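K.L.:
sequence first, predicted coordinates after that:
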Amino acid sequence: MIADYLERILKARVYDVAVETPLEPAPRLSARLGNRILMKREDLQPVFSFKLRGAYNKLAQLTAAEKAAGVICSSAGNHGQGVALAGRTMGVRAVVVMPVTTPSIKIDAVRALGAEIVLHGITYDDAYGRAQELVAAEGLTFIHPFNDPAVIAGQGTIGMEILRQHRAQHREGIDAVFVPAGGGGLISGIGLYIKALYPEIRIVGVEPEESPTMHSALAAGHPVRLDRVGIFVDGVAVREAGDETFRICREVVDEIVIVTNDEVCAAIRDVFEDTRAIMEPAGALAVAGIKRYVAATRCTDRTLVAINSGANMNFDRLRYIAERAAIGEHREALLAVQIPERPGSFRTFCETIGNRYITEFNYRYSDSSQARIFVGVGLTGGLAERAQLIARLRELGYPVSDLSDDEVAKLHVRHMVGGLAPGLKDERLYRIEFPEQPGALLEFLRAFGSRWNISLFHYTNPGSDYGRVLAGIQVPDTELGEFLAHLKGTGYEFWDESGNSTYRMFLAG
């Protein structure tokens, strides 16, 4: 298998449209992690993503009849740009089917490249289903984003470049290459080439905890269809790995590292600090994986390569990413602290915090004897400093709750600390997510209906992802079963947060 693919990679046609991207050192991140970190800058491709390699190589191998009939693909955006550019270059009609949640920057880019756009469904799998319907109806040739030998071989040229560039620039060998996994096309191609020549180099896949597609497949011994994938890291938001990519990954991938969305946000900032380039979430996934790997193994003086796979991200996501990056990097602690309700207590508490940077400070009167504070504290020493700060506050008699890993606190409560609701009855708290698109909030409210009273509501849209709602709803015990059936009937994902400690401290009746 490896020998066959090695020939395919060596013969792949990609450089009609792709460029050989640089393999750059990341000096700041290397110094922080105690290892040599190199970044393969696929974000510098003409479409700001590696995807044009595989797409062009596939189209180049089509017959004249297939090209004349036109091509179609389903895509979260980057593959669509690759297919669109390849189609324009070869004079082939290209149709791109994308979910309606695709960032507008990717939709606009595909349109600018001359492809026909079809927006359908919420996830990549929805778009894939629609694309197959159009294949049957119009006789188009489907260009798979990852589960195709020609596409895999095209992506494998990245591995070829890494080895050649590293030999020319460095004396020491490569210890590991970190690659976004997802459906498996990119990691399969890179892994096949590198393992063929240097089997001792570790190939490490990286996936977000919301979409552990290849990790689940390798653990089960076969591709697994996930019930749900989060689409913040939309470039790898695939419910099921391909059978061909799974077969390859089982042979060439040494392990899969799982990271959180906050760690991805922190990695976006890490890449920016070394390159002044802003990655999309999938583009920074490999860097997040390196950081998690180094923390887990405590390795030092290793050469670790990250594939910066893409930089197609809506600008309006940056606020959310910047806010979460501080938490993902453990540069901020979110704390709930109870202090005495008396003159001077604020100053005394702040003196206890010391010279640390206060990122936010929310106060609400609780009763005549105590006050509750929601405070964000900047950290320079990471988790160790956070633990020391909490221990110091408790030593001085302050009741403290660490909310740094509480989704309700991070997404909602930090923006709405404003008061308890005395006398409010039967309130239950739910965290709800729905696909973000124009009119999505109104559609959600219509689906929810008006039978039960909404007593608390906070909505946030982090940018072309999922809309997040925190809702307090008055539901008597006798109607709970009927209410839950109604909520499930809306089709939205939801979580009961009625017992959440942050809610109890700052918002509950």
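P.N.:
Sure, I can see it. Since we're looking at a predicted model, the values are computed, not measured.
K.L.:
show me where the stretch 51-200 of the chain has strands.
P.N.:
Per DSSP state E, counting those that start in this stretch, the stretch 51-200 of the chain carries strands over the ranges 71-74, 94-98, 116-119, 141-142, 176-180.
K.L.:
save the ones you listed as a markdown table, and put in distance to I162 too.
P.N.:
Bear in mind the C-beta positions are built from the backbone N, C-alpha and C, glycine included. Below are the strands of the stretch 51-200 of the chain laid out as a markdown table (distance: least, CB to CB, whole Å):
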| stretch | distance to I162 |
| --- | --- |
| strand 71-74 | 26 |
| strand 94-98 | 29 |
| strand 116-119 | 33 |
| strand 141-142 | 30 |
| strand 176-180 | 7 |
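K.L.:
next, format these as a markdown table and append distance to A284, mean pLDDT and mean neighbour count.
P.N.:
Converted to a markdown table, these look like this (distance: least, CB to CB, whole Å; pLDDT from 0 to 100; neighbours: other CB atoms under 10 Å):
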| stretch | distance to A284 | mean pLDDT | mean neighbour count |
| --- | --- | --- | --- |
| strand 71-74 | 24 | 96 | 28 |
| strand 94-98 | 22 | 96 | 27 |
| strand 116-119 | 26 | 96 | 16 |
| strand 141-142 | 30 | 97 | 18 |
| strand 176-180 | 9 | 98 | 28 |
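K.L.:
right, and the ones you listed - which one's nearest V252?
P.N.:
strand 176-180 (10.3 Å; CB to CB).
K.L.:
distance between that closest one and the chain's centre?
P.N.:
Averaging C-alpha positions (CA atoms, centre = their mean, to the nearest Å) puts strand 176-180 16 Å from its chain's average.
K.L.:
strands paired with it, and their directions?
P.N.:
Strand 176-180 sits in its sheet next to strand 202-208 (parallel), strand 303-308 (parallel), going by DSSP bridges.
K.L.:
so how far is Y430 from H215?
P.N.:
29 Å (CB to CB, to the nearest Å).
K.L.:
before we move on, back to that, mind putting the strands paired with strand 176-180 into a markdown table with distance to D406, mean neighbour count and mean pLDDT?
P.N.:
Shown next, in a markdown table, are the strands paired with strand 176-180 (distance: least, CB to CB, whole Å; neighbours: other CB atoms under 10 Å; pLDDT from 0 to 100):
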| stretch | distance to D406 | mean neighbour count | mean pLDDT |
| --- | --- | --- | --- |
| strand 202-208 | 19 | 27 | 98 |
| strand 303-308 | 30 | 27 | 98 |
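K.L.:
out of the strands of the stretch 51-200 of the chain, nearest to L456?
P.N.:
strand 116-119 (33.4 Å).
K.L.:
other SSEs contacting the closest one?
P.N.:
Counting contacts by 3 or more CB pairs under 8 Å, 6 or more residues apart in numbering; DSSP states H and E, strand 116-119 packs against strand 94-98, helix 104-112, helix 124-138.
K.L.:
quick one: average pLDDT of the longest one?
P.N.:
Going back to what we said before, that points to helix 124-138. For helix 124-138, mean pLDDT rounds to 92.
K.L.:
show residues contacting it.
P.N.:
With contact meaning CB atoms under 8 Å, 6 or more residues apart in numbering, helix 124-138 is reached by 70, 72-76, 95, 97-99, 118, 120-121, 140-142, 237-240.
K.L.:
next, the angle strand 94-98 makes with it.
P.N.:
150 degrees (axes from the mean of the first three to the mean of the last three CA atoms, to 10 degrees).
K.L.:
how about helix 124-138 as CSV, C-alpha atoms only?
P.N.:
The C-alpha trace of helix 124-138 is given here as CSV (Å, rounded to 0.1, in the frame of the first residue of the first chain):
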residue,chain,number,x,y,z
TYR,A,124,-20.9,18.7,6.0
ASP,A,125,-22.9,15.4,5.9
ASP,A,126,-26.0,17.3,4.9
ALA,A,127,-24.1,19.0,2.1
TYR,A,128,-22.7,15.6,1.0
GLY,A,129,-26.2,14.1,0.7
ARG,A,130,-27.4,17.0,-1.5
ALA,A,131,-24.3,16.7,-3.7
GLN,A,132,-25.0,13.0,-4.3
GLU,A,133,-28.5,13.9,-5.3
LEU,A,134,-27.1,16.4,-7.9
VAL,A,135,-24.6,13.8,-9.1
ALA,A,136,-27.6,11.4,-9.9
ALA,A,137,-29.7,14.2,-11.4
GLU,A,138,-27.1,15.9,-13.6
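K.L.:
now do the buried residues in that helix.
P.N.:
Residues of helix 124-138 classed as buried: Y124, D125, D126, A127, Y128, R130, A131, L134 (neighbour count, 16 or more other CB atoms under 10 Å).
K.L.:
ok, now which ones touch the closest residue to the fourth one other than its chain neighbours?
P.N.:
Looking back up the chat, that one is A127. Sequence neighbours aside, S74 is the residue nearest to A127 in space, at 4.1 Å (criterion: CB to CB, 6 or more residues apart in numbering). Contacts for S74 (CB under 8 Å, 6+ apart) come out as V97, M98, Y124, A127, Y128, R130, A131, P145.
K.L.:
what's the burial count for S369?
P.N.:
Using other CB atoms under 10 Å, the number of residues around S369 comes to 8.
K.L.:
report pLDDT for it.
P.N.:
Listed pLDDT for S369 reads 74.
K.L.:
residues in contact with V252?
P.N.:
By CB under 8 Å, 6+ apart, the neighbours of V252 are I2, I187, S188, G191, L192, I194, K195, I203.
K.L.:
what's the separation between the nearest residue to it once chain neighbours are set aside and G221?
P.N.:
Sequence neighbours aside, G191 is the residue nearest to V252 in space, at 3.4 Å (criterion: CB to CB, 6+ apart). Using CB to CB, one obtains 18 Å as the distance from G191 to G221.
K.L.:
neighbour count winner among these two?
P.N.:
Using other CB under 10 Å as the criterion, G191 and G221 rank with G191 on top: 30 against 9.
K.L.:
follow-up on the earlier one: redo the strands paired with strand 176-180 as JSON lines? Include distance to F506.
P.N.:
Below are the strands paired with strand 176-180 laid out as JSON lines (distance: least, CB to CB, whole Å):
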{"stretch": "strand 202-208", "distance to F506": "29"}
{"stretch": "strand 303-308", "distance to F506": "39"}
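K.L.:
those: which one's closest to T260?
P.N.:
The nearest among these, by CB to CB, is strand 202-208 at 7.3 Å.
K.L.:
show me this structure divided up by domain.
P.N.:
If you go by automatic domain parsing, the domain ranges for the chain are 2-49+149-318, 52-142, 330-405, 423-506.
K.L.:
that older thread, and the contacts of V252, which two are furthest apart?
P.N.:
Longest span within the contacts of V252, CB to CB: I2 and I187, 14.3 Å.
K.L.:
and these two? Which one has more around it.
P.N.:
Neighbours per residue, other CB under 10 Å: of I2 and I187, the larger number sits with I187, 33 against 15.
K.L.:
wait, what's in contact with the nearest residue to that one once chain neighbours are set aside?
P.N.:
Using CB to CB, 6+ apart and skipping the chain neighbours, the partner closest in space to I187 is V179 (4.2 Å). Taking CB under 8 Å, 6+ apart, we find V179 in contact with L186, I187, I190, G191, I203, V204, G205, V206, A286, I307.
K.L.:
follow-up on the earlier one: need the domains of the chain in CSV (columns: distance to H415).
P.N.:
Shown next, in CSV, are those (distance: least, CB to CB, whole Å):
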stretch, distance to H415
domain 2-49+149-318, 17
domain 52-142, 23
domain 330-405, 9
domain 423-506, 7
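K.L.:
ok, which of these comes nearest H412?
P.N.:
Among the domains of the chain, domain 423-506 sits nearest to H412 (CB to CB), with 4.0 Å.
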